[in-house]
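Q: Show me the folded form of this:
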Amino acid sequence: MPKPADIPLHQRRDGLDPVPELSRMSTHAPLADDTGSGVHHWIATGFEEVRVILGDAERFSTKPPADSPEIAAQRVQVGNLLHYDPPEHTRLRKMLIPEFTARRMRRMEPLVEEIVADRLDVLEGAGPPADLMRHVAWSVPGPIVCALLGIPRDDLPELMRILDVRALGNTGKKRIAARAFDKYLLGCVAHKRAAPGDDLLGMLLRTHGEELTDEELAGVASSFVAAALENTAQMLGLGTLALLQHPAQLALLRERPDLMDQAVEELLRYVAVVTLASPRTARVDVEVAGQVIKSGQTVGCSLLAANRAQAAGAPRDTLDITRENTTHMAFGHGIHFCIGALLARIQLRCAYRQLLERFPRLRLAVPPHELRFRPLTPQYGVEALPVAW
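A: Predicted structure coming up:
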């Protein structure tokens, strides 16, 4: 496990909470010089500051920062919307939006219900105690994203192994895993171009096949697989942990299941699985919070700090599933707001509801201090979550 000194301040947590230094920064220095980190020129931690930067696609670029346009172009992951600015971003997102309407996502609810119920059967059979991450959190999103993209479920274990190496391996292993992942997805696209089905990739090929290259389609699939698997898995685990660590809130949700939609939004805000948004690079000089971000300088936006930001002198932020103002940026903000947010919410609602109904005495099976977290991965998470009932 990395030592706190090895973790940048804006990624440090005390369990699910931002460390006190980060909370103080969001209150007193919402946009701070970060040149000492060697990663960004600035770090934004205040809610309004992060919202302004993420919402300004005209003055801030999401293309990977680099010392020259040539190097920047080499770093762009083809098909990844987070690496595109308008008009390229507009072109690709416009093709994708019809596949993520509320009507189409609701069609997947029966499948989500079935998969969650099946994984809870496995959890019950494995314990108590049993690891919620292994048997549920990591196992629910995989079949769903396979169904969305038309990827064979039998390939899922190998894809999960590749993604784990890509996230946690050393530099050499990460590169090998990334190439293997790209090769697999290019093979899927080639197969679907010959025989497109009714899945996302098949529908894109039917309607925009001549406008999209194989590399773009593979890149779209890659970004969806990574987000759908890793973000949703960690949100299922950490959201459950947050409820277990706040027994009064858990009891209220059991008593009032009508609060589930609000509870999901509050858990998304409170946990902030994606700690840091993809970096933004100023296209021109921009003044934010009294500071001038020079053209070419990069800004890291802490979603954790922004979501948990408190006014000076306010009580410590806590989990409150009755919170009426659930504005948060767990899914980003602006033109890069997560296109799959609705499907993620469907999975979270279904999984939390079934979990609480199935296990009315659900509890942690180990002391909280024994949990091992993953602070340096793109998605903050927990290695294992032993539970009993």
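
Q: Can you give me the buried ones in whatever helix or strand Leu111 lives in?
A: In the assignment (DSSP states H and E), Leu111 maps to helix 109-126. Buried residues in helix 109-126, defined by neighbour count with 16 or more other C-beta atoms under 10 Å: Val112, Ile115, Val116, Arg119, Leu120, Leu123. All C-beta spots, glycine's among them, are computed from the backbone N, C-alpha and C.

Q: mind putting those in JSON lines, distance to Met105 and pLDDT included?
A: Output for the buried residues of helix 109-126, formatted as JSON lines (distance: C-beta to C-beta, whole Å; pLDDT from 0 to 100):
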{"residue": "Val112", "distance to Met105": "10", "pLDDT": "97"}
{"residue": "Ile115", "distance to Met105": "15", "pLDDT": "97"}
{"residue": "Val116", "distance to Met105": "16", "pLDDT": "98"}
{"residue": "Arg119", "distance to Met105": "20", "pLDDT": "97"}
{"residue": "Leu120", "distance to Met105": "22", "pLDDT": "98"}
{"residue": "Leu123", "distance to Met105": "25", "pLDDT": "98"}
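
Q: now Val217: how far from Val189?
A: Quick fix: residue 217 reads Leu, not Val. 5 Å (C-beta to C-beta, to the nearest Å).

Q: And Leu343, by the same measure?
A: Relative to Val189, Leu343 is positioned 21 Å away (C-beta to C-beta).

Q: what's the offset of the helix or strand Ala167 falls within from the middle of its chain?
A: Element membership for Ala167 (DSSP H and E) is helix 156-168. Here helix 156-168 is found 16 Å from its chain centre; the criterion is C-alpha atoms, centre = their mean, to the nearest Å.

Q: list the helices and strands that helix packs on?
A: Secondary-structure packing of helix 156-168 (3 or more C-beta pairs under 8 Å, 6 or more residues apart in numbering; DSSP states H and E): helix 141-149, helix 171-194, helix 214-226.

Q: export those helices to a markdown table and tack on mean neighbour count, distance to Arg269 and mean pLDDT?
A: Putting the helices and strands packed on helix 156-168 into a markdown table (neighbours: other C-beta atoms under 10 Å; distance: least, C-beta to C-beta, whole Å; pLDDT from 0 to 100) gives the following:
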| stretch | mean neighbour count | distance to Arg269 | mean pLDDT |
| --- | --- | --- | --- |
| helix 141-149 | 22 | 20 | 92 |
| helix 171-194 | 15 | 30 | 89 |
| helix 214-226 | 22 | 22 | 89 |
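
Q: Please convert those to TSV, extending it with distance to Ile7.
A: As requested, the helices and strands packed on helix 156-168 are exported to TSV (distance: least, C-beta to C-beta, whole Å):
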stretch	distance to Ile7
helix 141-149	26
helix 171-194	18
helix 214-226	22
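
Q: Mind checking the ones you listed for the one nearest to Leu82?
A: Checking these against Leu82 by C-beta to C-beta gives helix 214-226 as the closest, at 7.1 Å.

Q: list the helices and strands that closest one packs on?
A: Under the contact criterion of 3+ C-beta pairs under 8 Å, 6+ apart, helix 214-226 touches helix 88-96, helix 141-149, helix 156-168, helix 171-194, helix 200-208.

Q: now that helix, how far from the centre of its chain.
A: Between the centre of helix 214-226 and the centre of its chain there are 16 Å (C-alpha atoms, centre = their mean).

Q: Please apply the same query to stretch 189-209.
A: Taking the mean of its C-alpha atoms, stretch 189-209 sits 26 Å from the chain's own mean (C-alpha atoms, centre = their mean).

Q: Also stretch 178-186?
A: 21 Å.

Q: How many residues are close by the residue nearest to Leu268 when sequence neighbours are not counted?
A: Nearest residue to Leu268, sequence neighbours excluded (C-beta to C-beta, 6 or more residues apart in numbering): Ala330, at 4.0 Å. Using other C-beta atoms under 10 Å, Ala330 has 23 neighbouring residues.

Q: re earlier: what helices or strands is the helix holding Leu111 leaning on?
A: Looks like helix 109-126 contacts helix 141-149, helix 341-358 (3+ C-beta pairs under 8 Å, 6+ apart).

Q: Mind putting these into a markdown table with distance to Ile335?
A: Shown next, in a markdown table, are these (distance: least, C-beta to C-beta, whole Å):
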| stretch | distance to Ile335 |
| --- | --- |
| helix 141-149 | 22 |
| helix 341-358 | 14 |
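
Q: what sits in contact with each of Leu217 and Val189?
A: With contacts defined as C-beta atoms under 8 Å, 6 or more residues apart in numbering, the residues shared by Leu217 and Val189 are Leu201.

Q: Who's the closest spatial neighbour of Leu22, skipping the chain neighbours?
A: Spatial nearest neighbour of Leu22, chain neighbours left out: Ala305 (5.3 Å); criterion: C-beta to C-beta, 6+ apart.

Q: hmm, back to that, how far out from the middle of the chain is the helix or strand following the helix holding Leu111?
A: Next helix or strand after helix 109-126 toward the C-terminus (DSSP H and E): strand 130-131. Mean C-alpha position of strand 130-131 versus that of the full chain (C-alpha atoms, centre = their mean) differs by 23 Å.

Q: what residue ranges in the protein score low on pLDDT?
A: By pLDDT under 70, the low-scoring segments of the chain are 1-5, 66-74, 168-169, 311-315.

Q: Looking at it, name the residue that lies furthest from the middle.
A: Relative to the centre of the chain, and counting by C-alpha atoms, centre = their mean, the farthest-placed residue is Ala194 at 32.2 Å.
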